[in-house]
Every structure is written in C-alpha cells, then in structure tokens.
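Participant: A structural model of the following input is requested.
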Amino acid sequence: MNIHFIAIGGSAMHNLALAMHHLGNKVTGSDDEIFEPSKSRLAKYGLLPEKICWSAKRITKDLDAIILGMHARANNPELQRAVKLGLKVYSYPEFIYEQSKDKTRVVIAGSHGKTTITSMILHVLKKLDKDFDYLVGAQIEGFETMVRLSDAPIIVLEGDEYLSSPIDRRPKFHLYDPQIALISGIAWDHVNVFPTWENYKEQFAKFIDDLKPQSQLVYCTADDTLSRMVGKRNSRIHKHPYETPENKIKDGRTTIIDGEKQYAISVFGDHNLQNMNGARIVCEQLGIQKDSFYEAISDFTGASRRLEEIARNEKCVVYKDFAHSPSKLSATVKAVKAQWVKRELVACMELHTFSSLTKKFLLEYKGAMEKADVAIVFYKEETIAHKKLDPISLDEVKAAFGRKDLLVYTKTDQILDDLKSRDWNEANLLLMSSGNFAGMDVDAFGKEIVKS
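Facilitator: Coordinates of the predicted model:
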C-alpha cells in the first residue's frame, strides 16, 4: 500500500507509520511540528518529512490511504485535497480495525489503568511465546514500537475514549468491535469533549451495549459506577468481575495469595493489583492458565511512567507516574504510602491537561492527595493562558484539593528549590505529571535526590 499520514509526529501515529513501514508499505507523512522521540524514530527509517509543514502537493491520486491524526485540524489543506480527490481517509483506530477484522480483538478500556493492563497482557503473551499484534499507549521495555501489525491471530488494543480524528467525533474504542473487552473503571475526564459526567459515562455504556452476543466483558467491581452499569446492560454477553486480590506486603515487596499458593510480583498498590487481576482474566480467555500467568508476570515492573521507579537508596525511593486525573492521582499516592507506611511521602503533581486546569473540573481533586505527608501542586500560568482558560489562583487550588497545608508553585525553580532543601532520610518522593514540570529532567533530578 501507498499510505500518507497527516500529523505523523503523534505518539500513536508515528508508531503506526513505523509498523506499516516494517510491513513493506510505502509510507509518507507530514506535520507542522515533530518532537522527540518521534523525530529520531521517524528519521531512523527515512520517514521524517523533509519539510515540517502542511502541503496539499503531497496528496496525489496514487495514494491508497490517508491516515488522519488528532493533531491536524478539519481545515487542513492536505485533508481537503484528499477529500477533493476522493481518497479514502481513515482515523488511526478505523485503520487499525480494518487491519484486524479477521483477528481475535481484545480491547482494554477505562479511565485509568488501561496502559498498564495492556502492557501486562503483552508482557505475559511475549514471555509465553504467543504470536500477537498490539496497540498500546506507552513505550514498553522489550517492544520496539507501540504498534505491531502482522498475520498474528490476536490483537490487543488499548481502547482510548478520546475522539478518533478531527472529522470523526466517535471515541476510539467504539471502532474496534472486540470479542474480549475489559473496563478498569470510569472517572470523568476529557471535559473539553465530554462536558458533563453523564455524557462521559454514556460512552462506556455504549461500548458495553455494542458488544456482540457471547462476547467476554471483564470489569472491576471496585468501581461502583461501573458495576451498576454492567449489571444493567447487555445480558447477551459473558461478564467476568474482578477486584483486588488477597496480598501481603513485606519489606516493600508485594506477594499475591491464592489459596495455598503465593506469587511474588514486582508491582504494588491496590490499583496495580486490580489491573493485574483483570489482565489475568483476559489472559485466561486467551487460553493461559493461572500458574503460567503469574510465572510470566512476576518480573513485570510497569509501563513507562506508570509508577516507575527512578532511583533508590537504603533510605529513599523516587517514583514518577503519568497520573494527572483525580482518580489516578489518589490511587498512586495511596499505593506508594501503603508500600512504605513508616516513611514520609512527599507527593508532587502537575496540573497540565485541559481538564485539570479547568476551574469546574479542578474541584474533582478534593481529597486526591490526602494520603501524602507533604502535598505539592505545580502549574504553569502560561499553560493556562495558552489553553485560553480562566486564570486560577493559588488559593483556588488549595481550596479545590481540600488541604490548607498544600504547597502550590507556578515556577519550576520553586519546586526544585523546595525538594532540594528537604531531608530524604526515611522519605520517598513521588512525581506525577503528564508533562515534565515545565522542563524538569525528572529522571536526572530523582537520581540527584538519592545521592544527596
């Protein structure tokens, strides 16, 4: 095929471009900005556009398909040219479905945990030498790309609820038509697209209703909203509930207890244990026995930036996490505190997404950092202005989180100075953001902390 990617620089888009290139297709692309690591990875295989710009001249009649990324706009000149020529324009989830119609499709959905659960399943399948394709939302150790397409009989897809493309307003996970599905939980997010909680929930209700008869649905009973929704909907499918498995913690190490058997694992926290239990049930639907699953998952340390350990010494551990929504934030803080009960926990988070910087949604963060001994929130005033949102004051942030002792900073130097001045003897640091605290080298800083 001769395929052109509009907005090739995106995380999922450039990985799909690489996957199609590896299959022997002719791949071209365009974008008005491309950052690392996309830039280097595209350049490595000769797929980096010569000029970083949009140009209708790139769109010719000999193209078999156009794949349109969310970064492009509906009035993009290349898109308009493709439509004028009558070329087939796909969103990337639509294209993924077309490439996997004859496979067993596994879709992992939910407001939180879907990247981790997908990564766990991929880790187990790989360890057990299964042949499979995949799409996951983070770089995983041992996997060169975040997308693989081949003639494998199975594909495991991270099912994002965000929009498919600028001209296709359907959530991505509505396009995959899975035979096996998992929902980890539902917590309001993406308020720029789903302005109310009811509207957001509707997307998951439709996902459940659209499952074909005899499909398998795995879901987390720890989420009351999800449990009620599943109980009321689609009696034609097989439903598999899961919860936090029995476990014990000793010397910072978690062990799963299953009857008389015990399985040591490398991740921790109720949220991660729930994720693992869901992944186990999905793998059972794919024919993998429980013992084989636990043996394979024992050395899984997490997806990139999902409660990832940066550095440690005898008295301090530094973690980073992608957590930014209230539910993710709360689960991550609780997990680290429970793992190291006797140590002080300094938790820092960045308000970075459109939702988190919206005054109405900010109120959803109340109590999200209550388990932290020291809670710090950072946001960049310039980011709020760039997103054209109403300004937020430090007092409004403190009130939203419900902590009078909350420390709120708007400059990177402020948070760096604070953390450098602290005593890290018997104290852990947790850094949470979907950004990078406006330029902080998080990994380097974490290593500096444990050396001090």
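Participant: helix or strand: which one has Ile281?
Facilitator: Using DSSP states H and E, Ile281 sits within helix 270-285.
Participant: show me what counts as buried in the helix or strand just after that helix.
Facilitator: Toward the C-terminus, helix 270-285 is succeeded by helix 290-297 as the next helix or strand (DSSP H and E). Across helix 290-297, burial judged by 16 or more other CB atoms under 10 Å covers Phe293, Tyr294, Ala296, Ile297. For the C-beta atoms, the positions are set from N, CA and C on the backbone; glycine is no exception.
Participant: elements contacting helix 290-297?
Facilitator: helix 114-127, strand 253-258, helix 270-285 (3 or more CB pairs under 8 Å, 6 or more residues apart in numbering; DSSP states H and E).
Participant: report the central residue of this protein.
Facilitator: Thr115 (4.5 Å; CA atoms, centre = their mean).
Participant: which two from the buried residues of helix 290-297 end up farthest apart in space?
Facilitator: Pairwise distances across those (CB to CB) peak at 7.3 Å, for the pair Tyr294 and Ala296.
Participant: still on that earlier bit, deepest-packed of the helices and strands packed on helix 290-297, please.
Facilitator: helix 114-127 (a mean of 25; mean count of other CB atoms under 10 Å).
Participant: state the mean pLDDT of it.
Facilitator: Mean pLDDT, helix 114-127: 95.
Participant: distance from the chain centre to it, please.
Facilitator: 13 Å (CA atoms, centre = their mean, to the nearest Å).
Participant: which residues are in contact with it?
Facilitator: The contact list for helix 114-127 (CB atoms under 8 Å, 6 or more residues apart in numbering) reads 106, 108, 110, 132, 134, 136-138, 140, 142-143, 154, 156-160, 182, 184, 272, 275-276, 278-279, 282-283, 286, 288, 293, 296-297, 300, 302-303, 306, 322.
Participant: between it and helix 270-285, how big is the angle?
Facilitator: Between the axes of helix 114-127 and helix 270-285, defined by axes from the mean of the first three to the mean of the last three CA atoms, to 10 degrees, the angle is 50 degrees.
Participant: would you mind identifying the next helix or strand past helix 114-127?
Facilitator: strand 133-135.
Participant: show me what that following strand is packed up against.
Facilitator: strand 147-148, strand 154-158.
Participant: related to what we said a few turns ago, can you check which of the helices and strands packed on helix 290-297 gets nearest to Leu226?
Facilitator: Leu226 sits nearest to helix 270-285 of all these, at 11.5 Å, using CB to CB.
Participant: chain center to stretch 33-47: distance?
Facilitator: 21 Å.
Participant: just the CA atoms of that stretch, as PDB, please.
Facilitator: Only the C-alpha atoms of stretch 33-47 are listed here, as PDB (Å, rounded to 0.1, in the frame of the first residue of the first chain):
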ATOM      1  CA  GLU A  33       5.700  20.200  14.500                       C
ATOM      2  CA  ILE A  34       7.500  16.900  15.400                       C
ATOM      3  CA  PHE A  35       9.200  16.400  18.700                       C
ATOM      4  CA  GLU A  36      11.400  13.700  20.300                       C
ATOM      5  CA  PRO A  37      11.300  10.800  20.400                       C
ATOM      6  CA  SER A  38       9.000  10.700  17.300                       C
ATOM      7  CA  LYS A  39      11.500  12.800  15.300                       C
ATOM      8  CA  SER A  40      14.500  10.500  15.800                       C
ATOM      9  CA  ARG A  41      12.500   7.300  15.300                       C
ATOM     10  CA  LEU A  42      11.000   8.500  12.100                       C
ATOM     11  CA  ALA A  43      14.400   9.700  10.800                       C
ATOM     12  CA  LYS A  44      15.900   6.300  11.600                       C
ATOM     13  CA  TYR A  45      13.700   4.700   9.000                       C
ATOM     14  CA  GLY A  46      13.700   7.500   6.500                       C
ATOM     15  CA  LEU A  47      10.100   8.600   7.300                       C
END
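Participant: sounds good, over and out.
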